[in-house]
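Q: sharing a model prediction with you, sequence too.
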Amino acid sequence: MKNPIIAVVCAAHQGNGGMYSVDNAALSYFESRPCTFDLLFTQAKQDTSLKIQKKPVALLSKVEDLARYTHIVYWGDFLNNPVYGKLDFSRRDVNYGHSNNLNKAYERWKRIFVDPPVSKNTKLISVGNNFQHDYSSNNREFKTAFELIQNNFHAILPRDPFSYQNLSKLFSLENLNILRQGLDCAFLNSPLSNDSNNSDTFCYSFNRSKIEGTDELVSMIENRYGLKGINVSNWLRLQHHSAHSDFENCRKIMASAKFSLSDTYHFLINSIVVGTPVIAIGKQSPAQIGTLGDFKKYTLFSMLGLEDLYYEINSGNKNSLFGEITSKVEYIISGEFYINDRYSICKNLSENFKSNLDFAVFGNRNFSKCVSAEPSNKTNTSKSFLSVLRRSVLGRTG
């Protein structure tokens, strides 16, 4: 059997460290698999060019070009979500000059992401996408999109249980077999070797929830525990010419910190991947709104069994929750936060995700790859977790 030729359609990072981590995971994953692949993105200003490490990411200028591939893998973010197609994608498509109006932009989204002009033998696979929205508000248009998705796709691995359940309600009984539980693609990045037992730092990044008083919270922690807070201020502003080194430097700061404190979804995921305890904050959100809402963070921490590390803050409870957060810091730095225990669900989900992804794309769950030296301890039991996670990330599904 010939190795597949794969189009990996990404959400271009454009300097966003979180989206870079998603795209970088695609490169790491497919480079370790028997295939030929191209990284593609679908929207850009005319003078934009991208690379992940040294591999170029090409702009898909003609939808018909997808016909040359045996597999099309839609990698992460909200790419196959019709709310994203109707709002974010369409607005950007008009702004970038790819479409003349919003209606044509949405039709272009459909031709790329739910009904591309390819043969019936081409495998369409959605990996790590978010489908958390309420689709009843535009039922006819979204119903059409989901009919195309379930009839055209070979496999869908949504990134969280809420998305999985949401899709299950929309799909017909005979099409449920294409659904498998997935995970955010950023979890497929490799861990880092680290040893922060003697570190006197924590890192933080506040870019999303617009919560007032975060400077006060950082100062409270610094003053109470004698730690130095490091603001990872360039997380959403990776430089074009040095994006990968900037990204790796951010990860090194996370890995060397006693903990990460953030309101930013992928900043938190990347901290977990490098084996650092996390404390997350957000605003109470009963549903996913747009692509930046906080419901996805709540869902993430519930999925990972880390609910006690997620704090929903508003003006009425800010002071009391800031006090609880500083107490949580004491729990972490006292050595009671055991990575192996607290991230065990994440480890299992990562292993299952890699196995399901291997099977969806390659029909094989038994890939393996040699592992280099184990990372050093982060806490009393972190080495065990990180070595298992590394085997998971590199494809050992024993």
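A: Okay, I see it.
Q: can we go C-alpha only for contacts and neighbour counts from here?
A: Will do.
Q: so where do the helices sit in this protein?
A: Per DSSP state H, the chain has helices spanning 17-31, 82-84, 90-95, 102-113, 139-152, 161-170, 214-225, 243-256, 265-273, 295-303, 318-331, 339-342, 344-362, 382-393. These are given in chain order.
Q: tell me which residues are up against the first one.
A: What it means is helix 17-31. 8, 10-14, 37, 39, 52-53, 75-77, 184-189, 235-238, 247, 265-267, 270, 394 (Cα atoms under 8 Å, 6 or more residues apart in numbering).
Q: can you say which of these are buried?
A: 8, 10-14, 37, 39, 52, 75-77, 184-189, 235-236, 238, 247, 265-267, 270, 394 (16 or more other Cα atoms under 10 Å).
Q: per-domain residue ranges of the protein.
A: Taking automatic domain parsing as the domain assignment, the record places the domains of the chain at 5-188, 201-336, 344-393.
Q: just put those in JSON lines and tack on mean pLDDT.
A: What follows is the domains of the chain, written out as JSON lines (pLDDT from 0 to 100):
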{"stretch": "domain 5-188", "mean pLDDT": "94"}
{"stretch": "domain 201-336", "mean pLDDT": "92"}
{"stretch": "domain 344-393", "mean pLDDT": "64"}
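Q: report pLDDT for residue 339.
A: At residue 339, the model reports a pLDDT of 92.
Q: count of neighbours near it?
A: Burial of residue 339 is recorded as 22 neighbouring residues (other Cα atoms under 10 Å).
Q: ok, residue 322 next?
A: Taking other Cα under 10 Å as the criterion, the count of residues near residue 322 is 21.
Q: nearest residue to it in space, please, no chain neighbours.
A: In space, residue 322 comes closest to residue 217 once its chain neighbours are excluded; the distance is 6.3 Å by Cα to Cα, 6 or more residues apart in numbering.
Q: that neighbour and residue 262, how far apart?
A: Between residue 217 and residue 262 the computed distance is 11 Å (Cα to Cα, to the nearest Å).
Q: the two: which is more packed in?
A: Counted by other Cα under 10 Å, residue 217 and residue 262 do not tie: residue 262 has more neighbours, with 24 against 18.
Q: pull the contacting residues for that one.
A: Contacts of residue 262 (Cα under 8 Å, 6+ apart): 204-206, 268, 278-281.
Q: what's the most distant pair in those residues?
A: When Cα to Cα is used, the two most widely separated members of these are 206 and 278, lying 13.4 Å apart.
Q: those two: who's more crowded?
A: Comparing residue 206 with residue 278 by other Cα under 10 Å, the one with more neighbours is residue 278, at 26 against 20.
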